[in-house]
Structure formats: C-alpha cells, structure tokens
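> quick check, what structure comes out for this input:
(chains A and B)
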Protein chains: 2
Amino acid sequence: MTQSPSGNIHSEQFLQHQLQEVITLLEKQELEKSLVHRDISTTDLIETVLHKQQQTRLQEKFAQLHPADIAAILESLPLDQRQIAWDAIKKDHEGQVLLEVSDAVRQTLISGMAAEELASVASQLNTDEIADIVADIPKRTMLKILRSLNSKERSDLNAILAYSENQVGSLMDFGMITIRDDLNLKAVIAYIRKLGKLPSHTDKLFVVNQYDVVLGILPLQRLLTHRPTLQVADVMVTDFVRFEVTQEAAEVARAFERYDLISAPVVDSAGKLQGRLCIDNILHFVREKSDEELLSQAGVGEEEDLFSSVWKSARNRWGWLLINIVTAFVSTRIIGLFENIILQLVALASLMPIIAAMGGNTGNQTSMLIIRSLALGQITPANVSRMIKKELTLAIINGTFIGLIIGALSLLLYQDLALSGVMATAMFINMLVAVVVGLAIPLVRHKFGRDPAVGTSVILTAITDSMGFFIFLGLASLFLIH
Amino acid sequence: MTQSPSGNIHSEQFLQHQLQEVITLLEKQELEKSLVHRDISTTDLIETVLHKQQQTRLQEKFAQLHPADIAAILESLPLDQRQIAWDAIKKDHEGQVLLEVSDAVRQTLISGMAAEELASVASQLNTDEIADIVADIPKRTMLKILRSLNSKERSDLNAILAYSENQVGSLMDFGMITIRDDLNLKAVIAYIRKLGKLPSHTDKLFVVNQYDVVLGILPLQRLLTHRPTLQVADVMVTDFVRFEVTQEAAEVARAFERYDLISAPVVDSAGKLQGRLCIDNILHFVREKSDEELLSQAGVGEEEDLFSSVWKSARNRWGWLLINIVTAFVSTRIIGLFENIILQLVALASLMPIIAAMGGNTGNQTSMLIIRSLALGQITPANVSRMIKKELTLAIINGTFIGLIIGALSLLLYQDLALSGVMATAMFINMLVAVVVGLAIPLVRHKFGRDPAVGTSVILTAITDSMGFFIFLGLASLFLIH
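Presented below is the predicted three-dimensional model:
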C-alpha cells in the first residue's frame, strides 16, 4: 500500500465525486485539444502545453487517492478516457492499481503497455501479487519478469502457480513472520522492532521448528498481554487452525468464516509451512465466486468490462443464447408432434406455456436449495434420503394446490371441465418431474465431483419445458380428442 | 469463544465424521429406547439409565467441538434428533451455538426452550450478539432479558436495534479499546497487559478525546514497532477510514474489501465513537446477501431449514409460484386473442415459445450486468448514457444474428419463407424490447432508491413473455393471414 485511504468518512459519494472531477479534467483536455485543432494558426507546441497542464492536474488528483479508489474510477471510465487517465497515474502506484481492477479492465490496461513498462510495474509487486495477474501478462513480458526475480521469488511464484484457482495454494501469500519456540517474548518484541514494519494482516506469528514444521501460533495479543520473560513455547497456542495447500478454497473460506480467522498458516502434507492465508484474499474469493454464480445464472460468461468493445461483450453472451436456441427448438419439435391436436382444440396452445413455466420455477427452487445445502456441507449420506422424501412430499402438496388453482382458472376461461382436468393433472405431473430433476441434477453432479451449480438451471429448464409440453399435449390427445 | 477450533487441519471430512458419530450415538439411543419399549418387563428406570449413558457420550463429544462446528452439525440433523442433540450441549456453549446457526434453525431450537432457560442463555452473550438473535426471541422472554441487563448494556442494545439491518449500526459491536493521545506507548502496553485479554479482531486501538470524538487509530503493529517512550499522538494514524452509523452496510462492505480493513471505528454524524465494525461481521454480511440474492433469483423467500416442516417450506415457496401463475395467465390471455390466427397456421403455436424464451434470456443478461455494476458503484450520471448506447448496439447485433439463425431454422422446419421472415423480425424486436426493459427496470428502481435486484427477473420475464407472444402473433396476423 503506497497511500492510506482517505480520512474522510468513506462513502460512495466521495468516490462519485472524485470520478466526476476526473471526468471534468479529461473533458477539458479533449475540449482544448479540439479548439486547438480548429484554430489552424496554433502550433503543436501550444497543444502540448495545454495537454500537459491538464495531465499534471490529473496526476495530482490521482496521487492523493488510494490505489483501490483509482481502480474504481478507471473501471467507470470509457476506454479512451481510461487510457489517458492510466497514463496520469504515478509509476509507483501502477502495480497496486493493476492488482485492484477487475480482470476485464486489467486486460485493457495491459494491452496498451510496452513489455518494458509492464515488467517494471511488475517489479513493484510481491510474488503472490504477480501470481494474481499472471494470466493477463503476455508470455514474452512474463519471461522478462521472471528473469528479474531472484531464485527465492521465482520458486515462490512457481509454488503458487502450481495450484488451480480453487485450491488454497493459489490464494496464499508469503508475508508470514516465523519464530522459534525457545525465544522469550522480549526477544520476539525486539525482533519485530528491528523489522520495523509487519506485513498487513499480521495478527499472529507462526512458531516453527528447524524443519519449518509449524508447532504453534503466537497471536500479537498474547505477545502484548504476557510477561516478556516468558518463553514462546509457554505462550503459543498449539490448538490452531492450519490449512493444506491442496485444500479446496471454498471449504477454507467457510472455515475462515466459522472460526473468525484473520490469518492462518498454509502447510504441505508433511506439515511444513508453505505460506500464509489472509482474510482479505478470502473475502475477495467469496465475492468473486458469488458474482460468478449470479452472472452464470443469468447466462453471462464472465464479469464484463462495462466499456469493453461491443464484439467482446457479444461473444461473452453468445454461448448461453446458442444453447438456448437448441433447447427451445427441442420444445418446438415436441409441440410440432401435436399440431393436429392443437388444430382440434386451440385452447391448448394458449394454456401450454403455463405448464412449462410453472414446472421450471418449481424445479429451480428445489435445485437452488440443494445446491446451497451441498455448498454448506449440510447434505450427507446420512440425511440425504430424508431430504429427498421431504422435497417429494412438498412437490405432491404444491402440485396438488397449484394444479387445482390452474385447473380452476382455466375452467373460468374455457368452461371445459375435461380440459381443466387435463390441465390440473399435467401441472401435477410436471411439478413432480421438475422436483425429481431439480433434485437429481445437482446430487448426481456432486456425486461425480462436478460443481453442482454450473448449467443446472439450463438443463433443468430444457427438461421441464419439453416435458411440460409433452405431458400436457399428450394427456390432451388421450382424453380430449376423439 | 469458549473453545478454540480443533488443531486438526480443518476439513469438511472432519465435520462429516463428527456428524456421523453424533448420528450413530443418537440412533443407538433410539434403538435402545425401542428395545426397552418392546420388553414389557423392563422398567422406566432402565430406560432412563440407558438414555443417560448415550446422552453423556453425546455431551462429551460436543464439549470437544467448537460452537461453529456444533452449529453445523445441528443444521444437518432432522428435527427430532436435533432436539436431543441440543439438550446434550453444555449450557455455557448454548449462547455461541445459537449465534452460529442459521435463522431458520435457531427458530426451531428456541421454540423448544422455556423462557427462563433462554434468558439465562442470552445472559452469556454480549449486547451486540443479543441484537443478532433478538428477532427470534419471544417478546416475553425479551422483557426478562432486558431486565437482567445493566443500563449501559440496555442502551447499547437499543442503539443497535435502532438501525435497519442494512445500516452499519446494526453490524457494529462494542469491543473497542479506546485510549487518549497524551499517553506514551509504554503506558498503553501496561494498560493492555492489565486488561489481560483483547476482544477478538482487535488490530488497532481507537484514540479519542474527552468528548469521545475519534482523533486517530493506533495499530497494534505500530505499538510494537515504535519506541515505548513515544507519545500516542506522535505514533497514531490520523488518516484512517471511519464509518457513520447510518451508512449502507453494502457500501461499507465494499470499503472493507477495498482498503483491506480488519476493524474500523463507527461514529455518529458528530464524529463521536459509537462502536466498532469488524471483518467477521462484514464477511458474514456479504455471504448472507449473496445467498439471499441467489435464492431470490430462484424464487425462494428465505434460507430454509433443511428439515423444517413441509408446510413451512411450502409457504416459503408459494409467494413466487402464485405471482408466476398470474403472469403466466397474462401470457395465456394474449395468446388467446390470436387463437383464430393459430387455427389458420398451427406452426405458430410451435414456434411462439422460442420468441418468448430467447427474449427472457437476453433481458436477464442485460439486467444482471446492470445490477452488478450498480452494486459496484460503476454506473454514474456521467457514463450511464454511454452504457445504454452500448447495450442497445449489442441488442441490435445480437437481435440480427439470433433472428437470422432462428429464421433459418424455422425455414428448415416449415419451408415457409414468409413465416421465417415474421419469426426473424419478431425475434429481433423482442430482443430489443428485452434489453430496453432489462436496462429500465434496475435503473429506474435504483433511481428511486429501491434495491434494483429484488423481483427484477420476475417482472422482466413476465414482460418479455407477453410481448414475445404479442409481437410474434401480431406480426403473423398482419403479414401471414389473408
């Protein structure tokens, strides 16, 4: 952190205000440029001077802001203005800002940078921070960066990159302070004073033996509240939470929440200290995962840069739309099978979307609850059958009531008792189908080690739509058409 | 915290294993009870003894576990077993466990407790913790609890309860350590040593004047790394983040993330210290909000207890289903207007669901991205028009392509060029409608200070469905039927 956050009470208004000021500066710059261009007698020199004036004011503005605030402002600027603003950011801030912006925005910033420039920015970052942005760095530049690292840093970087983004190893940093258990607290305090500054989020020191195996933790609190003559071994906590590099990040995030942790040691399978995990990375992880989940529910591939090119956004949204064309045409073909039946009783065409839509809703309710319970680890072999029984009972109750309501409403509309009977029965059956499918998809995916959330809603809706049309029109052809 | 988390490397397997052991103990207990019942010669005494044996083993099991782990186990147990397990939890753990379980599960636990018992459990909690569970406590018991508090605690409790759950005030606690700026660091260290123990998440002390106005913060790190003879005033940070009691919790959560905070002072509008906000409450808030959002997307009212009664779950899911019956019937009536047209060209019945479904998907993509951008504060008066322009351009591109694809596919199916033309045009128009509605609903709701996420998907789908049917069948009646 090169700059501490503003002392003003933090508010969105503060940020909005800063953003407005930046935009005003940028617009003045554009305006002057265009004035200059219109006046043919002026020279390039004047243009440059004017430009420089605004640029200096922008630089001063950004120099006062926290990198995270600068990142937020950059994310809210259109591409052309973003580039000019980016040029006005002090070189020693650029690394932190690159870390803070979203992946999509980082790509736009990096694409405009020369390899040398990017390499020098990267040199301001810790190895765990370089690992966070490595996916967006071109290969050539990466080689340059690697050459500038020492062997310890290079092996740290390799260590982090060896893990998938869902493993603890990819989230750890190396800002841990380790001590031996035969020191006394006075020596520890002297050691800290010599360091001068502790890495952020240091709430505890890690006590290790000569093989780097973690023996315990020494919270700063204990260091402050115990007599300085005591030994670390007497004061340290030996009953502490530690994580393994290969553990699932989602599971570890829940442990952080459950045990109210700020930092924790990360070890390998032999118990040797590999790194440190802090709450800021966990909070970031939780937020990112929940955003991803929400966006994927709506069929958006990944977080979009608000101002990325239209083509890029289009590609990001096409995957889902194309899948839906396919599933929609399956429904179409099923309805197509029954076109003769519809010609004989056209009310069927009006009523059939209800059966499909209500089935989809019910199924999504069930699958979403199962997905949440699986994520929270609440579903176990011991209780899964009870839960299935409950959902099925619920489906029978809901199917009966919703079936009766829909039957009654269609009776009002068409005064056809047989039609209403078919309507109610089809609704009942499709709601049962929906709940069975809503239970089965996440449970089966989970059993085979897949993420139960991804794509469940698409498959489910495809099935409840086609089945809804098939059941309703099928029943109609059996009982209503002679 | 009465018990520190297990020293084992934390894993879900650990929890699953504990759960399995608890279930085994509970089942043994049931089995023995039923054996006892079958054997008529045995007396109540033997039954009681056997029961007591298992209960003791359960108690021992729970005594070794962290309250958060106990809470997770309780959430995974069916209601009858949950009650027995709850009785086996040590009295001095009950408060923490009540705090950790989900709202739905807490209600089942509290409903089985006598007023006296609940009041005594509550007396183990801090005032901010009581505030967290106050919604689930019956009024009578609450009066009992209030009487047991001293006047400071009562006013703290009232302070927290005065804020809505979306305001910072409702998330704060009172575990802050305050010091004056004219002390030297040595005196501060002596003061901390006298306290013996710091509240959890204490990473800084708050420096206040005699009116309780916050002048600065003293991070424990600075306390450790600076010379003990220095004065607090010389070492404290005066450029720090503080929050106001009435600020929006969501905004503050983003500030915690942005500035990597662990704790921060909460002040009133005059700058007077009111409480403290910690990262654990923020993480909990973020997790809860994202779960709520996901569940409400699927039309589930609130987080359900996995084993709550079927009736309770049914009620939780009915709201959305009933709303959907209404919107589905609106679509039905629109199709009903065109039944004559469908009779003349039955292919319309097969094709119309595609137009509706694709419109809904496109609109949801747009609205979800807008909702996320609004939540991140990226949309400002300065850039909103650019963003609208981009989404509309995207809609025209996507509408053209998807329209052409769908037109071509329907040409393959029905070999009717005019029908395909109507199909493509209707798709194009409905995708434009979808994007306009997908932009308008969240932006308008946001403008009027409402949560842009709630219900947007329902309203949107209702509009794209009805409009899809209307546009498609309307165009067909104009151009295809003579």
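> all contacts plus neighbour counts: C-alpha atoms, from now on.
Fine.
> contacts for the helix or strand in which A:Ile217 is found?
Using DSSP states H and E, A:Ile217 sits in strand A:214-219. If you take Cα atoms under 8 Å, 6 or more residues apart in numbering or on different chains as the criterion, strand A:214-219 is touched by A:203-209, A:232, A:235-240, A:265, A:267, A:271-273.
> repeat that for stretch A:434-442.
Stretch A:434-442 is contacted by residues A:359-360, A:362-367, A:370-371, A:388, A:391-392, A:395, A:452-453, A:456, A:460, A:464 when judged by Cα under 8 Å, 6+ apart.
> ditto for stretch A:332-343
Under Cα under 8 Å, 6+ apart, the answer for stretch A:332-343 is A:348-349, A:466, A:469-470, A:473-474, A:476-477, A:481, B:343, B:346-347, B:349-351, B:353-354.
> so what's A:Glu292 scoring on pLDDT?
pLDDT, A:Glu292: 82.
> can you check A:Ser123 too?
A:Ser123 is assigned 84 on the pLDDT scale.
> now for it: which residues touch it?
Applying Cα under 8 Å, 6+ apart, we find A:Ser123 in contact with A:Ile145, A:Ser148.
> now do it against A:Asn150, distance only.
Taking Cα to Cα, to the nearest Å as the measure, A:Ser123 falls 11 Å from A:Asn150.
> and the helix or strand that A:Asn316 is a member of, what's buried?
Applying DSSP H and E as the criterion places A:Asn316 in helix A:310-337. By neighbour count on 16 or more other Cα atoms under 10 Å in any protein chain shown, the buried set for helix A:310-337 is A:310, A:313-314, A:316-318, A:320-321, A:324-325, A:327-332, A:334-336.
> care to break chain A down by domain?
A:12-165, A:178-297, A:310-479 (automatic domain parsing).
> returning to what we had before: pull the CA atoms of the helix or strand that the strand holding A:Ile217 is followed by into PDB?
For strand A:214-219, the following helix or strand on the C-terminal side (DSSP H and E) is helix A:220-225. What follows is helix A:220-225 as a C-alpha-only set of coordinates in PDB (Å, rounded to 0.1, in the frame of the first residue of the first chain):
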ATOM      1  CA  LEU A 220       0.200 -10.500  18.800                       C
ATOM      2  CA  GLN A 221      -2.400 -10.100  21.500                       C
ATOM      3  CA  ARG A 222      -0.600 -12.800  23.600                       C
ATOM      4  CA  LEU A 223       2.700 -11.100  22.900                       C
ATOM      5  CA  LEU A 224       1.300  -7.900  24.300                       C
ATOM      6  CA  THR A 225      -0.600  -9.400  27.300                       C
END
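> counting by contacts, list what helix A:220-225 packs against.
Packing partners of helix A:220-225 (3 or more Cα pairs under 8 Å, 6 or more residues apart in numbering or on different chains; DSSP states H and E): helix B:185-195.
> can you tell me how far A:Ser418 is from A:Ile341?
Actually, residue A:418 is Ala. It isn't Ser. Taking Cα to Cα as the measure, A:Ala418 falls 15 Å from A:Ile341.
> OK, contacts around A:Arg445?
Contact analysis of A:Arg445 by Cα under 8 Å, 6+ apart lists A:Asp451, A:Pro452.
> same thing with A:Leu480?
Going by Cα under 8 Å, 6+ apart, A:Leu480 touches A:Ala418, A:Leu419.
> phi, psi of it?
As for A:Leu480, its main-chain torsions (degrees, to the nearest 10) stand at phi -110, psi -30.
> from the contacts of stretch A:434-442, which are also near chain B?
Within the set of those, contact with chain B (Cα under 8 Å from any Cα of the partner chain) is found for A:Thr362, A:Asn364, A:Gln365.
> which stretches in the stretch 201-350 of chain A count as strands?
Shown for the stretch 201-350 of chain A, the strands assigned by DSSP state E, counting those that start in this stretch span residues A:204-208, A:214-219, A:243-244, A:263-267, A:273-278.
> now mean neighbour count and mean pLDDT too, for the ones you listed, in TSV please.
Below are the strands of the stretch 201-350 of chain A laid out as TSV (neighbours: other Cα atoms under 10 Å in any protein chain shown; pLDDT from 0 to 100):
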stretch	mean neighbour count	mean pLDDT
strand A:204-208	22	95
strand A:214-219	22	94
strand A:243-244	26	94
strand A:263-267	25	95
strand A:273-278	24	95
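> nearest residue to the middle of chain A?
Note on chain A: the residue nearest the mean C-alpha position is A:Glu288, at 1.9 Å, using Cα atoms, centre = their mean.
> quick one: that one from chain B, how far?
11 Å (Cα to the nearest Cα, to the nearest Å).
> show me the shaky parts of chain A.
Scanning chain A for pLDDT under 70 picks out A:1-12, A:30-51, A:482.
> hang on, the earlier thing: how about the domains of chain A in JSON lines, adding distance to B:Val245?
Below are the domains of chain A laid out as JSON lines (distance: least, Cα to Cα, whole Å):
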{"stretch": "domain A:12-165", "distance to B:Val245": "15"}
{"stretch": "domain A:178-297", "distance to B:Val245": "22"}
{"stretch": "domain A:310-479", "distance to B:Val245": "31"}
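> spit out the contact partners of A:Met113.
Contacts of A:Met113 (Cα under 8 Å, 6+ apart): none.
> element containing it?
Taking DSSP H and E as the definition, A:Met113 sits outside all helices and strands.
> over to the one 5 residues further on?
For A:Leu118, the host element (DSSP H and E) is helix A:115-122.
> could you list every helix and strand in contact with the helix or strand just after that helix?
Counting by DSSP H and E, the next helix or strand C-terminal to helix A:115-122 is helix A:127-133. Applying 3+ Cα pairs under 8 Å, 6+ apart, we find helix A:127-133 packed against helix A:91-100, helix A:151-161.
> list the buried ones in the next helix or strand after the shortest one?
Looking back up the chat, that one is helix A:91-100. Going down the chain from helix A:91-100, the next helix or strand is helix A:103-111, by DSSP H and E. For helix A:103-111, burial by neighbour count (16+ other Cα under 10 Å) applies to A:Asp103, A:Ala104, A:Val105, A:Arg106, A:Gln107, A:Thr108, A:Leu109, A:Ile110.
> surely the fourth one meets A:Gln96?
Right, A:Arg106. No - contact criterion Cα atoms under 8 Å: A:Arg106 and A:Gln96 do not qualify, at 11.5 Å.
> could you check whether stretch A:415-424 is close to chain B?
No - Stretch A:415-424 does not reach chain B (Cα under 8 Å from any Cα); its nearest approach is 12.9 Å.
> go through that stretch and flag the buried ones.
A:Leu419, A:Ser420, A:Gly421, A:Val422, A:Met423, A:Ala424.
> among those, which are in strands?
Residues from the buried residues of stretch A:415-424 lying in strands, with DSSP state E as the criterion: none.
> what's the closest of the residues you listed to B:Pro199?
Ranked by distance to B:Pro199 (Cα to Cα), those are led by A:Ala424 at 59.8 Å.
> so which strand or helix has the residue lying closest to the closest one once chain neighbours are set aside?
Leaving aside its sequence neighbours, A:Ala424 sits nearest to A:Gly403 (Cα to Cα, 6 or more residues apart in numbering or on different chains; 4.2 Å). In this assignment (DSSP H and E), A:Gly403 forms part of helix A:384-414.
> in that helix, what counts as buried?
A:387-388, A:390-400, A:402-404, A:406-411.
> what's the angle between that helix and helix B:310-337?
Helix A:384-414 runs at 30 degrees relative to helix B:310-337, counting by axes from the mean of the first three to the mean of the last three Cα atoms, to 10 degrees.
> show me what helix A:384-414 is packed against.
Helix A:384-414 is packed against helix A:347-375, helix A:417-447, helix B:310-337, with contacts defined by 3+ Cα pairs under 8 Å, 6+ apart.
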